[in-house]
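A.B. asks: Sharing a model prediction with you, sequence too.
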Amino acid sequence: MHSLAFFVVASQNADKHGPNSRFSTMQEITFKIKTSTQRTWIAGLSLLLFLTLSIDGHAQSQPMNSRIVTDTLLLKTGETRTGLITSENNFEIELMEIERPPGRPSFAVVRVYSKVTIDKILRINQAERSRLETIAERMRNRVQIEAKQLSEVRLKEIEHEGEEYLHFAGHGFVLLSRVDESLTRKIAVRADQVFRAFRHTLPVQVQSDSMLRIIVLGSSQQYKTFTQQIGLTVVNPAVYLPEQNLIVISTNLELFSQRLKLAIQEHDAQREQWKQQEGFLPQQLVTLGKQLRLDGYNKQAIDSELAIRKLAWQKDRDSNLRQLQTADRRNQTQLDHLLSQALRRLSHESFHAYLENFVFPHNSHDVPIWLNEGLAQLFEHGQLEDEMFRIDQPPAEFFQRIQKSLDRDQLSVAKLLLDDRNQFLFSEALHHESTQYDAAWAMVWYLIYRHQLLEGEKLSELVRINEPEISIEQKLSNLTGKTLAEYDAAWKEYLTLLGRKNR
């Protein structure tokens, strides 16, 4: 069961900081809320909330769908620079270089090169330039484009099986969500982007007779209740059910969002208190000065004391406002993390659904579970850019776990080919941190980057139902030109080398 931990900083209310008071320092208090029982411990007068939730290798060739044709500058130093030439005169060239760090989002950097440093310029044709300019424009205006996409999402409130949902009709799917509107909009936009990217990678081969439904739930309890109602018990917090053409995704977004709203209200109230107190402070200092004169203090002593009091108040206010700002930033970071987690689950399960609905339906193809899960993990961790997935670097922890499995002799091609659906569906963790999922990812990664699985008809041949039947072992042998034993040895050697390069 997940636990929700709040880090709380308690302080006295700002309106109690009169000029006669000593200004207390902030005290950090930690308490926990167990999501299973919703028990709460609260301490302090004004609460500064920081919410955190405890949660349940480089490619050896060009990443899939990632090649961008660019202008190229060959420098006299022997170095090469690639990007989009955005301006040029007799003396220099301005080049927008698109940086694509493995496993992270792309970004653009504009650099200027003197022509005396350039040996040769290789220019792309007009069609390639138009596409590159479109990519560059999207990168420049990413925030505005995303805002427009979110505003264009049409949501409506509906009742489904006695519960209130937000409904979105996408291209090839229907989304039902129990998280708040702003987060639902982001999930809806990502779902549309994901399915467009799938169509770029694996073109549509068939059309499904039924509409895919995606249900996003706001808490683990909602997920547990929903899956029990449909007669399903799973450990994974997301699942695709092909028989019902249904994706169900658990998130912790609703509970966190509720706590976050309370934190925002409290922080805004504290800021308003400090603002009001700032208005009262001059008069309070005047009053204090009069009292000190009546008590017999001279002007120099009074001025010194008032200056000390004012400075102490300002320091206390600035310290509190900084902590409010830090907490707000951390809260937003945590919300972004939870949303990113939900979107990864969406990408993973959506791939299963896309494969079943539009490419390799089970009634005409035999997609091994390891292949299905391995491909889904690639897309789960890929970078979604320009309506395509850039897959060039899995998370570092993949390599660490793979190396441990190799050291313990837990990876075996023969065993992986025998694993059935239940060993994935009822594993102890979602899509990662289990030997089956790691092995499936490693198998697919190897097949793509060493044997070009996604080129031509190779993937189709691997999943086609043949008459007479051809075993998956024989299909792998046909694809790689190796016996199962040879393939197993080559695979493990490849993973060992890949792990060393990504330490």
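C.D. replies: Yes, it's here. All values derive from a computational prediction rather than experimental measurement. Residues are numbered from 1 along each chain as shown.
A.B. asks: Can you classify the residue nearest the centre of the chain as helix, strand or coil?
C.D. replies: Centroid check for the chain by Cα atoms, centre = their mean gives residue 340 as the closest residue, at 2.8 Å. Here residue 340 takes the helix state, with states given by DSSP: H, G, I helix; E, B strand; the rest coil.
A.B. asks: So it versus residue 347, what's the distance?
C.D. replies: Per Cβ to Cβ, to the nearest Å, residue 340 is found 10 Å from residue 347. Every residue, glycine included, has its C-beta placed from N, CA and C.
A.B. asks: same question, residue 295
C.D. replies: For residue 295, the distance to residue 347 - Cβ to Cβ - is 71 Å.
A.B. asks: of those two, who's got more company?
C.D. replies: Using other Cβ atoms under 10 Å as the criterion, residue 295 and residue 347 rank with residue 347 on top: 25 against 8.
A.B. asks: For stretch 161-168, give me every contacting residue.
C.D. replies: 153-159, 174-179, 181, 184, 188, 191, 215, 229 (Cβ atoms under 8 Å, 6 or more residues apart in numbering).
A.B. asks: Now that we have these, which of them are buried?
C.D. replies: Buried by 16 or more other Cβ atoms under 10 Å: 153, 155, 175-179, 184, 188, 191, 215, out of the contacts of stretch 161-168.
A.B. asks: Any chance of a markdown table for those, columns pLDDT and secondary structure?
C.D. replies: Converted to a markdown table, the buried ones among the contacts of stretch 161-168 look like this (pLDDT from 0 to 100; DSSP: H, G, I helix; E, B strand; the rest coil):
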| residue | pLDDT | secondary structure |
| --- | --- | --- |
| 153 | 93 | coil |
| 155 | 96 | coil |
| 175 | 97 | strand |
| 176 | 97 | strand |
| 177 | 97 | strand |
| 178 | 96 | coil |
| 179 | 95 | coil |
| 184 | 96 | helix |
| 188 | 96 | helix |
| 191 | 95 | helix |
| 215 | 97 | strand |
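A.B. asks: Please name the spatially closest residue to residue 198 (chain neighbours excluded).
C.D. replies: residue 354 (4.5 Å; Cβ to Cβ, 6 or more residues apart in numbering).
A.B. asks: and whichever strand or helix holds that neighbour, what does it pack onto?
C.D. replies: Element membership of residue 354, judged by DSSP states H and E, is helix 299-354. In terms of contacts (3 or more Cβ pairs under 8 Å, 6 or more residues apart in numbering; DSSP states H and E), helix 299-354 is packed against strand 3-11, strand 46-53, helix 181-201, strand 212-217, strand 238-241, strand 246-250, helix 253-294, helix 369-380.
A.B. asks: what angle do it and helix 253-294 make?
C.D. replies: 180 degrees (axes from the mean of the first three to the mean of the last three Cα atoms, to 10 degrees).
A.B. asks: Return the helix or strand in the chain with minimum mean pLDDT.
C.D. replies: Within the chain, confidence by mean pLDDT, DSSP states H and E is lowest for strand 27-34 among all helices and strands, at a mean of 25.
A.B. asks: Quick check: can you list the domain ranges of the chain?
C.D. replies: When the chain is parsed with automatic domain parsing, its domains come out as 71-148, 365-503.
A.B. asks: Of those, give the one that comes closest to residue 308.
C.D. replies: Between residue 308 and the domains of the chain, the shortest gap by Cβ to Cβ is with domain 71-148, which sits at 45.4 Å.
A.B. asks: State the mean pLDDT of that closest one.
C.D. replies: When pLDDT is averaged along domain 71-148, the result is 85.
A.B. asks: again, but for stretch 206-214
C.D. replies: 91.
A.B. asks: What of stretch 362-371?
C.D. replies: The average pLDDT for stretch 362-371 rounds to 91.
A.B. asks: now do stretch 283-299
C.D. replies: Here the average pLDDT along stretch 283-299 is 94.
A.B. asks: in the stretch 251-400 of the chain, which ranges drop under the pLDDT threshold?
C.D. replies: Where the stretch 251-400 of the chain drops to pLDDT under 70, the residues are 386.
A.B. asks: hmm, what's the outermost residue in the protein?
C.D. replies: residue 296 (65.4 Å).
A.B. asks: so how far is residue 302 from that residue?
C.D. replies: Using Cβ to Cβ, one gets 10 Å for the distance from residue 296 to residue 302.
A.B. asks: try residue 434
C.D. replies: In terms of Cβ to Cβ, residue 434 sits 72 Å off from residue 302.
A.B. asks: just residue 174 next, same as before
C.D. replies: Noted for residue 174: a distance of 73 Å to residue 302, by Cβ to Cβ.
A.B. asks: likewise residue 238?
C.D. replies: 67 Å.
A.B. asks: ok, residue 477 - how many residues close by?
C.D. replies: When neighbours are counted by other Cβ under 10 Å, residue 477 comes out with 16.
A.B. asks: what does whichever strand or helix holds it rub up against?
C.D. replies: Residue 477 is part of helix 472-480 when elements are defined by DSSP H and E. Applying Cβ under 8 Å, 6+ apart, the set of residues contacting helix 472-480 from outside is 368, 413, 417, 447, 451, 453, 458, 461-462, 482-484, 487, 490.
A.B. asks: quick one: which of those residues sit in helices?
C.D. replies: 413, 417, 447, 451, 458, 461-462, 484, 487, 490 (DSSP state H).
A.B. asks: Any chance of those in TSV with neighbour count as columns?
C.D. replies: Shown next, in TSV, are these (neighbours: other Cβ atoms under 10 Å):
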residue	neighbour count
413	21
417	17
447	23
451	16
458	16
461	14
462	21
484	17
487	22
490	15
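A.B. asks: out of the residues you listed, who's nearest residue 315?
C.D. replies: For the ones in helices among the contacts of helix 472-480, the nearest to residue 315 is residue 447 (61.6 Å; Cβ to Cβ).
A.B. asks: re earlier: output the helices and strands packed on helix 299-354 as CSV; include the columns distance to residue 82.
C.D. replies: Converted to CSV, those look like this (distance: least, Cβ to Cβ, whole Å):
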stretch, distance to residue 82
strand 3-11, 45
strand 46-53, 41
helix 181-201, 22
strand 212-217, 38
strand 238-241, 38
strand 246-250, 39
helix 253-294, 39
helix 369-380, 25
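A.B. asks: Please name whichever of those is nearest to residue 98.
C.D. replies: Closest of these to residue 98 is helix 181-201, at 18.1 Å (criterion: Cβ to Cβ).
A.B. asks: Buried residues, the closest one. List them.
C.D. replies: Going by neighbour count (16+ other Cβ under 10 Å), the buried part of helix 181-201 is 183-195, 197-199, 201.
A.B. asks: just stretch 307-315 next, same as before
C.D. replies: 309, 313.
A.B. asks: Can I get it in PDB, CA atoms only?
C.D. replies: These are the backbone C-alpha positions of stretch 307-315, laid out as PDB (Å, rounded to 0.1, in the frame of the first residue of the first chain):
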ATOM      1  CA  ALA A 307      15.900  49.800  12.900                       C
ATOM      2  CA  ILE A 308      16.700  46.400  14.500                       C
ATOM      3  CA  ARG A 309      13.000  45.600  14.900                       C
ATOM      4  CA  LYS A 310      12.200  46.500  11.200                       C
ATOM      5  CA  LEU A 311      15.200  44.500   9.900                       C
ATOM      6  CA  ALA A 312      14.200  41.500  12.000                       C
ATOM      7  CA  TRP A 313      10.700  41.700  10.700                       C
ATOM      8  CA  GLN A 314      11.900  41.900   7.100                       C
ATOM      9  CA  LYS A 315      14.200  39.000   7.500                       C
END
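A.B. asks: Tell me how far it lies from the chain's centre.
C.D. replies: Between the centre of stretch 307-315 and the centre of its chain there are 44 Å (Cα atoms, centre = their mean, to the nearest Å).
A.B. asks: Tell me, what's the model's pLDDT at the closest residue to residue 452 other than its chain neighbours?
C.D. replies: Distances taken as Cβ to Cβ, 6+ apart place residue 458 nearest to residue 452, at 6.6 Å, with adjacent residues excluded. Residue 458 carries a pLDDT value of 93.
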